[in-house]
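Here's my sequence, what's the structure:
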Amino acid sequence: MKTRHGQIALLFTLLGCASAFAASVPGTLSTDYQGTADWLKHVVVGIDGEQIGRTIEPDNAPDAALKVYAYSVFVGYDIRPDITIFGTIGGTDDQSDEDSSEDSSGSSLKASVGANFNLARYNIRQPDILVGDHLTIRLQPELAMYNADLSDWFTASVALPITYENIEGETYFSMTPDDRFAFAFYAGPLFSYMRGETDLGGLDGADFEGKQLFGLLAGLDLYFTSYVSIGGHIEFFDADDDNVTGGADFRYHF
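Now for the predicted structure:
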């Protein structure tokens, strides 16, 4: 698959000015309960893995199933307690049933920039069992570029999840009295515009767009300490469509 040089150049320009952009959309980020004594405590690093499944509509051809595994390194920065900007860079592995070994260019790229905004936070007061927990409305835009053996594409996504945050007491992993276990469950609408070129189905660089624009995002983050968390998420656009996207991530919060 030929690399789309103009799009890749645009993406790396965005990566170069990520600090002015304002988080993979997945994750809650901007964990307000963490301390931020100096600049390093605003930094989050991690690794992401994602199994992408989307139905696409190539020009003048039947619908096709795009299936790609993506992996990347994640770096985020809390510019404020309620705003996180982030970037990712990594590679891809085409999971299509088609054998691309003869035509493969060996190209592999996944990169993105994004942000997480905590728009509003509500402290739960009733019922008593939930007192002290929080509901947060978040806005999560992301621009992503993918280059795989059979397909090159970009996505422009915006999610608006509502997050339920529960902060517990000390655990076995706690290193200080303030080091608490927490979990955050989030779900909400997702807009995702997808456009690119594909060789799937014997096509030769045919333009395509994602079949659906609107879907749902849901996920869970677990904070074993205020420093270490893992999470998972799922995205789907049609209840009758078997092509869904799921991913997992690991985060270290300085």
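
quick one, strands of the stretch 101-250 of the chain?
Remark: strands of the stretch 101-250 of the chain, listed N- to C-terminal, are 109-123, 134-147, 151-159, 162-167, 182-198, 206-210, 214-223, 228-236, 245-253; assignment by DSSP state E, counting those that start in this stretch.

So what are the sheet partners of the third one and their directions?
If I follow you right, that is strand 151-159. Pairing partners of strand 151-159, with direction, according to DSSP bridges: strand 134-147 (antiparallel), strand 182-198 (antiparallel).

any idea of the angle it forms with strand 109-123?
Between the axis of strand 151-159 and that of strand 109-123 there is an angle of 10 degrees, by axes from the mean of the first three to the mean of the last three Cα atoms, to 10 degrees.

Can I get the strands of the stretch 101-250 of the chain in a markdown table including mean neighbour count?
(C-beta placed from N, C-alpha, C; glycine too.) Listed next are those as a markdown table, based on neighbours: other Cβ atoms under 10 Å:
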| stretch | mean neighbour count |
| --- | --- |
| strand 109-123 | 19 |
| strand 134-147 | 20 |
| strand 151-159 | 21 |
| strand 162-167 | 18 |
| strand 182-198 | 19 |
| strand 206-210 | 18 |
| strand 214-223 | 19 |
| strand 228-236 | 19 |
| strand 245-253 | 19 |
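
out of these, nearest to Asp93?
Proximity to Asp93, assessed across those by Cβ to Cβ, is greatest for strand 109-123 (10.0 Å).

Let's see the closest one as PDB, backbone CA atoms only.
What follows is strand 109-123, C-alpha atoms only, in PDB (Å, rounded to 0.1, in the frame of the first residue of the first chain):
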ATOM      1  CA  LEU A 109       2.400   3.300  11.500                       C
ATOM      2  CA  LYS A 110      -0.100   4.400  14.100                       C
ATOM      3  CA  ALA A 111       0.100   7.900  15.500                       C
ATOM      4  CA  SER A 112      -2.400  10.300  17.100                       C
ATOM      5  CA  VAL A 113      -2.800  13.500  19.100                       C
ATOM      6  CA  GLY A 114      -5.800  14.200  21.300                       C
ATOM      7  CA  ALA A 115      -7.000  15.800  24.500                       C
ATOM      8  CA  ASN A 116      -9.300  15.200  27.400                       C
ATOM      9  CA  PHE A 117     -11.500  17.900  28.900                       C
ATOM     10  CA  ASN A 118     -13.400  17.500  32.200                       C
ATOM     11  CA  LEU A 119     -16.400  19.700  31.400                       C
ATOM     12  CA  ALA A 120     -18.300  19.300  34.600                       C
ATOM     13  CA  ARG A 121     -18.100  17.300  37.800                       C
ATOM     14  CA  TYR A 122     -20.800  16.300  40.200                       C
ATOM     15  CA  ASN A 123     -20.300  15.100  43.700                       C
END
